[in-house]
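In: Fold the following.
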Amino acid sequence: MSFYFVKKVKLYYRNDEFLIIIGRNVRKLRTTAGLTQTELAFLCNDSDYSQINRIELGKINFSVSYLTLLSTALKVDIDDIIITN
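Out: Predicted structure coming up:
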C-alpha cells in the first residue's frame, strides 16, 4: 500500500475584469497627477515601478494595503480607484 502526500492548493478569488478597471483608473489618476510609474512606486514605498505597471495592466491581484498606499500617493479616495463606471 502506498501513500501520497498531496499538497493542498488554495484557490484565490480573482476578478480579471475588475482588476483591469482598477488598473485603468490608476493609470488615469497617475497621469492626471503628472507622475511616472517610477515616481508613483516611490511614493508607495516600492523600489521598482514594475508593481505599478502590473497593476495598471490588470495583471496582479494586489492587497487592500497597497490600494491604501496608492490612494494616499495619488491624493484621492479609494472610491476613485475602484469606481467601475
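In: okay, now Thr72: neighbour count?
Out: Applying the criterion other CB atoms under 10 Å, we find 12 residues in the vicinity of Thr72. For glycine as for every other residue, the C-beta is placed from the backbone atoms N, C-alpha and C.
In: helix or strand for it, which one?
Out: Taking DSSP states H and E as the criterion, Thr72 maps to helix 64-74.
In: Distance from whichever helix or strand comes after that helix to the middle of the chain?
Out: Along the chain past helix 64-74, the next helix or strand (assigned with DSSP H and E) turns out to be helix 78-82. Here the centre of mass of C-alpha atoms in helix 78-82, compared against the chain's by CA atoms, centre = their mean, to the nearest Å, lies 12 Å away.
In: quick one: buried residues of helix 78-82?
Out: Within helix 78-82, the residues that qualify as buried are Ile81, counting by 16 or more other CB atoms under 10 Å.
In: Average pLDDT for that helix, rounded please.
Out: pLDDT averaged over helix 78-82 equals 96, rounded to a whole number.
In: try stretch 35-51
Out: Over the span of stretch 35-51, the pLDDT mean works out to 95.
In: Kindly check the end-to-end length of it for me.
Out: End-to-end distance of stretch 35-51 (CA to CA, to the nearest Å): 15 Å.
In: tell me which residues in that stretch are buried?
Out: Judged by neighbour count using 16+ other CB under 10 Å, the buried positions of stretch 35-51 are Leu35, Gln37, Leu40, Ala41, Phe42, Leu43, Cys44, Asp46, Tyr49, Gln51.
In: Dump those to TSV, plus distance to Ile82.
Out: Compiled in TSV, the buried residues of stretch 35-51 are given as follows (distance: CB to CB, whole Å):
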residue	distance to Ile82
Leu35	19
Gln37	19
Leu40	17
Ala41	20
Phe42	23
Leu43	19
Cys44	16
Asp46	20
Tyr49	22
Gln51	18
